[in-house]
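S.K.: Provide a 3D model corresponding to the input given below.
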Amino acid sequence: MNEDKGKWFFTSMTAKPKDRSQIVSIKTGIWLIDKWIIGLNKKEMSVFSGFRAAGKSTILTQIALQVVQENKKVALFSGEMNESRVFEWTYLLAAGRSYTLATKHENYFKVMQEVVTPIKQWLDQRMFVYNNNYGNQLDVLFGMLRHCVEVKGVDVIILDNLMSIDIGASDANRNAKQTEFIWNLKKFAEETNVHIVLVAHPRKTESGILRIDDISGTADLTNAADNVFLLHRVSSDFKRCAKTLFRWPEDHTLLQCSNILEVAKNRDLGVMDKMADLFFDRQSKQMSCDGQEIRYAWRDLIND
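M.R.: Purely as a prediction, here's the structure:
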C-alpha cells in the first residue's frame, strides 16, 4: 500500500501532456460551431437541449448526416419517432432544396423519387436506427449500443432523449438514478471510443430563454458533459426576452436569423456562451449559418 501512495498525485514531471494529434474530432456540419470547438471529440459526451420546435430533430439529423459525410458511422435512438419517420426526415434533409418537390400541402415537401435510392445506398451500413420494439430499458439499450460499436464500428451515438429511456427510476430516486446513468454513459463513451450525444428536455425558465441551468434533471447531467449546446428558435417571444436579458438592440444580428445554436459549455477548449446564427429552409428543413443548401456526398452517385 505504501508503494502505491506515490502514485496518488501527478507532478509537472510525471503528468503526460495532451497530444492533440491523437484526438479524433467529428464536425457538426455547422461551420461556426466547428470553427469554435473543432468538432465533437471521440471519447466525450455532449448534451443538447431546446424548447419544443427549436429545431432539435433537424440539428441532430444534420449531425448524423455529417458523420456519414466524413465516412464514419452513427447510431440513433429515437424514443419519440419510429424508424420510418426517422429515415423519412433524414432523406428530406439529405436531398436538400435541389431535390425536393412541393405538394398541395403548404408545409409538406417530398424527395424526388429518382434520388431516394442513391441516398439510401449512401446511408446503408453507415447510419443505424435503433429498433424501438426491443424496448427502452437501460440494460437492453446499452447491450444494443455496445453491439453497434463493437460489430458495426459506430463512431457517434445519438440518444433522443433522456426522458424516453427507462433508467429504472422512481420519484424518490430519480436524481440518483440519473446521476448513475450519466456517469455510466460518459464511461461508456471513453471505453468504446465513441462520441455520445444526449438530448435532455428543459424545464420552464424565468427569463423565457433557455440557459444551461434550466436543463431538466440532475446537475450531473451538465457537470459530466464535455459539451452543452442550447438550441433556440428566434420567435417573437425570444426576441422580446433577448432584448431584456441580453440587452440586444432591435437590429442585433442574432435577431435576424431563424434559429440559434449556442455553445453553453465546451470543456476541451473552454468555449462558452458563443451563439451561431442559423437560417431554416422550409422546403428541405436544413439549417445553415449562411442559408446556403448543404450538399451531401450521395450526389456523387448521380454525378451531380
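
S.K.: so where is the stretch 201-304 of the chain shaky, pLDDT-wise?
M.R.: Counting by pLDDT under 70, the stretch 201-304 of the chain shows low-confidence ranges at 304.

S.K.: just the pLDDT for Asp4.
M.R.: Looking at Asp4, its pLDDT reads 66.

S.K.: check Met45 too.
M.R.: pLDDT for Met45: 97.

S.K.: bridged to it, which residues?
M.R.: Ile196 (DSSP bridges).

S.K.: is it true that it touches His195?
M.R.: Yes. Shown here, Met45 and His195 form a contact pair, counting by C-beta atoms under 8 Å, at 7.3 Å. Heads up, the C-betas are built off the backbone N, CA and C, glycines and all.

S.K.: what residues are shared contacts of the two?
M.R.: Common neighbours of Met45 and His195, counting by C-beta atoms under 8 Å, 6 or more residues apart in numbering, are Ala189.

S.K.: what number of residues lie near Ile212?
M.R.: 19 (other C-beta atoms under 10 Å).

S.K.: now do the strands in this structure.
M.R.: Here the chain has its strands, by DSSP state E, at 25-26, 40-41, 45-50, 74-78, 100-102, 109-111, 127-129, 156-160, 195-199, 227-233, 259-266, 274-280, 287-288.

S.K.: could you check the angle the longest one makes with strand 45-50?
M.R.: Orientation check (axes from the mean of the first three to the mean of the last three C-alpha atoms, to 10 degrees): strand 259-266 against strand 45-50 gives 140 degrees.

S.K.: partner strands of strand 259-266, with direction?
M.R.: Strand 259-266 is paired, per DSSP bridges, with strand 227-233 (antiparallel), strand 274-280 (antiparallel).

S.K.: and those, which is most packed in?
M.R.: Burial of these is given as mean neighbour count (mean count of other C-beta atoms under 10 Å); strand 227-233 ranks first at a mean of 23.

S.K.: quick one: pLDDT of Met1?
M.R.: Note on Met1: pLDDT of 49.

S.K.: now distance to Thr14 too, for the strands of the chain, in JSON lines please.
M.R.: Listed next are the strands of the chain as JSON lines, based on distance: least, C-beta to C-beta, whole Å:
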{"stretch": "strand 25-26", "distance to Thr14": "27"}
{"stretch": "strand 40-41", "distance to Thr14": "24"}
{"stretch": "strand 45-50", "distance to Thr14": "28"}
{"stretch": "strand 74-78", "distance to Thr14": "38"}
{"stretch": "strand 100-102", "distance to Thr14": "58"}
{"stretch": "strand 109-111", "distance to Thr14": "57"}
{"stretch": "strand 127-129", "distance to Thr14": "42"}
{"stretch": "strand 156-160", "distance to Thr14": "34"}
{"stretch": "strand 195-199", "distance to Thr14": "29"}
{"stretch": "strand 227-233", "distance to Thr14": "29"}
{"stretch": "strand 259-266", "distance to Thr14": "28"}
{"stretch": "strand 274-280", "distance to Thr14": "35"}
{"stretch": "strand 287-288", "distance to Thr14": "46"}
